[in-house]
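Trainee: fold the following.
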Amino acid sequence: MSPSNPPDAPSYEQADFSADPGKLPDLPPVEVPSASFVVQLFVIPAVVVLVVIVVWLLFGKLAGGERDAMEYVRHIQSNSGSWRSAYELASLIQNDSKLGSDPRLLGELTDLLGAELDKKGDPKLIQYLELTLGAFQTLDATTSSGQAVDPIAVLARALEPKYETPIRMAAAASLAKQAARLNGKLDDARAVKALASAATDEVVELRQVAVYALGFFGGDAAAEALRERLQGDEDRFVRYNAAVALGRRGDQASAATLREMLSTSSLDRLIDLPTSTEKENKIEAIQHEALEAVDTSVSAGATGFAKGFNPELEALTRSGLAGVRSQAKEILQKLQSTPAS
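Mentor: Alright, predicted model coming up:
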C-alpha cells in the first residue's frame with residue numbers, strides 16, 4: 001500500500017485550474033522517505049526475490065540429474081532414508097525423462113525393493129519404491145555391480161499374500177503403469193499369475209486394482225483371468241474393470257456388461273451414492289471408460305464388435321453430460337467411415 005499524503009499537502013483532485021489554466025498547482029514538498037516506506041518499497045521485494053531464487057536453486061538441484069538421484073538411493077540404502085526420500089525420488093523420476101530411462105538407477109531401486117521385501121521393512125518405504133519402479137520408461141535394469149535385475153519379477157513378488165494389502169496394491173498399480181506403457185505387449189507369466197491371484201482376494205479394493213492392471217497385459221492367460229472376474233466377481237466395479245479391458249480387445253464376453261455401463265438409466269438405478277453430484281460424476285466416469293473401450297476396439301480392428309453398440313451410442317448422443325455426448329458422437333462418426341470387419 002502506498003503511503004498517504006501529509007495532512008497539509010495539496011491534492012491534485014482538489015486543485016483549482018479555473019483561475020489560470022496555464023498555471024500548474026504547487027507540488028507537495030519533497031520529504032525524505034521514512035524507514036518504513038523504504039522497507040516496503042525495497043527491502044521486502046528484495047527478500048521475496050531472494051526466496052524465489054533459493055527455491056529455484058533448490059528445485060534445480062533436485063532436478064539436477066543422475067548424481068542427485070543416486071544420492072537419494074544411497075541415502076535410502078544407508079537406512080537413514082525414509083519413505084519421504086522414496087516419494088521425492090519418484091517425483092523426480094516422473095518429471096525427468098533421462099532419469100526415467102536410466103537402467104542403472106532402475107537396477108539399484110529394483111535391488112533395493114527386493115531387499116526391503118526380504119526383510120519386510122517399512123511398509124510405506126516399500127510402497128513408494130514400488131511406485132517409483134512404475135514411473136520408469138524402461139524395464140532394462142542393471143545394478144552398479146553389473147548384475148541384471150527384473151523389475152517386473154520383483155513387483156510380482158510383492159503381490160504375494162504374505163505382504164500387507166497397501167504393498168500389494170502399490171505393486172499392482174506399478175505393473176499397470178508398465179503394462180499400459182507397453183500397450184498390451186507385456187506378457188509376463190509371473191506377473192499375470194500374481195495379478196490373477198490377487199484378483200480373487202477378499203479385499204475388494206485389491207481385486208479392483210489387480211483386474212485393472214491385468215487389463216493392460218497381453219496374452220491368453222490375462223484374458224482368461226479377466227473373463228473369470230467378469231463372470232464371477234460380486235463387486236460391480238471389478239466386473240466393470242474387466243469388461244473395459246476385454247472390450248478394448250473386442251471380446252464378446254464383455255458386451256452385456258458394457259451395455260450396462262453405457263445405459264444411463266441402468267447406472268442411475270444401480271449406483272448408490274450420498275449426493276446427486278457424486279452420483280452424476282460416477283456415472284460420467286463409468287460411461288467414459290466404456291466409451292473408451294468401444295473406441296479402442298475400433299482401432300484394434302474389431303469394428304463389428306463396436307457397431308453392436310450403435311443403439312447405446314445413439315442414445316448417449318442425447319446425454320445430459322456434454323463430455324459423454326461428444327465422445328459418443330465421435331465414435332459414431334468413426335464407425336460410419338470404417339467398414340465392418
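Trainee: CA atoms for contacts and neighbours, from now on please.
Mentor: Fine.
Trainee: just how off-centre is the longest helix along the chain within its chain?
Mentor: Counting by DSSP state H, the longest helix found in the chain is helix 276-299. Offset of helix 276-299 from its chain centre (C-alpha atoms, centre = their mean, to the nearest Å): 17 Å.
Trainee: what helices and strands are in contact with it?
Mentor: With contacts defined as 3 or more C-alpha pairs under 8 Å, 6 or more residues apart in numbering; DSSP states H and E, the packing partners of helix 276-299 are helix 236-248, helix 255-262, helix 264-270, helix 303-307, helix 322-336.
Trainee: could you rerun that using 10 Å?
Mentor: helix 236-248, helix 255-262, helix 264-270, helix 303-307, helix 310-316, helix 322-336 (3 or more C-alpha pairs under 10 Å, 6 or more residues apart in numbering; DSSP states H and E).
Trainee: does A285 touch V324 like I think?
Mentor: Yes: when contacts are counted by C-alpha atoms under 10 Å, A285 is listed as touching V324 (9.0 Å).
Trainee: more crowded one of these two?
Mentor: More crowded of A285 and V324, by other C-alpha atoms under 10 Å: V324, with 21 against 15.
Trainee: break down the stretch 51-200 of the chain into its strands, ranges please.
Mentor: Using DSSP state E, counting those that start in this stretch, the stretch 51-200 of the chain contains no strands.
Trainee: next, the angle from the longest helix of the chain to helix 255-262.
Mentor: Interaxial angle, helix 276-299 versus helix 255-262 (axes from the mean of the first three to the mean of the last three C-alpha atoms, to 10 degrees): 140 degrees.
Trainee: low pLDDT regions in this structure?
Mentor: The model of the chain has pLDDT under 70 over residues 1-67, 80-81, 340-341.
Trainee: please name the nearest non-neighbouring residue to L131.
Mentor: Spatial nearest neighbour of L131, chain neighbours left out: S174 (5.5 Å); criterion: C-alpha to C-alpha, 6 or more residues apart in numbering.
Trainee: what distance do you get for the one you found to L273?
Mentor: Counting by C-alpha to C-alpha, to the nearest Å, the gap from S174 to L273 is 29 Å.
Trainee: so for these two, which sits in the more crowded spot?
Mentor: The residue with more neighbours, out of S174 and L273, is S174; 25 against 11, by other C-alpha under 10 Å.
Trainee: quick one, what contacts V294?
Mentor: Contact analysis of V294 by C-alpha atoms under 10 Å, 6 or more residues apart in numbering lists 244, 246-250, 255, 258, 288, 300, 302-303, 305-309, 313, 328, 331.
Trainee: pull out the buried positions in stretch 289-306.
Mentor: Neighbour counts using 16 or more other C-alpha atoms under 10 Å place 289-298, 301-306 of stretch 289-306 among the buried residues.
Trainee: same check, this time on stretch 148-162
Mentor: V149, P151, I152, A153, V154, L155, A156, R157, A158, L159, E160.
Trainee: now these as JSON lines including distance to Q77?
Mentor: Below are the buried residues of stretch 148-162 laid out as JSON lines (distance: C-alpha to C-alpha, whole Å):
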{"residue": "V149", "distance to Q77": "17"}
{"residue": "P151", "distance to Q77": "18"}
{"residue": "I152", "distance to Q77": "21"}
{"residue": "A153", "distance to Q77": "21"}
{"residue": "V154", "distance to Q77": "17"}
{"residue": "L155", "distance to Q77": "19"}
{"residue": "A156", "distance to Q77": "22"}
{"residue": "R157", "distance to Q77": "20"}
{"residue": "A158", "distance to Q77": "19"}
{"residue": "L159", "distance to Q77": "23"}
{"residue": "E160", "distance to Q77": "24"}
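Trainee: tell me which helix or strand the residue nearest to A189 when sequence neighbours are not counted sits in.
Mentor: Once flanking residues are discounted, A189 sits nearest to A221: 7.9 Å by C-alpha to C-alpha, 6+ apart. If you go by DSSP states H and E, A221 is part of helix 220-232.
Trainee: between that helix and helix 255-262, how big is the angle?
Mentor: Here the directions of helix 220-232 and helix 255-262 differ by 60 degrees (the same axes, to 10 degrees).
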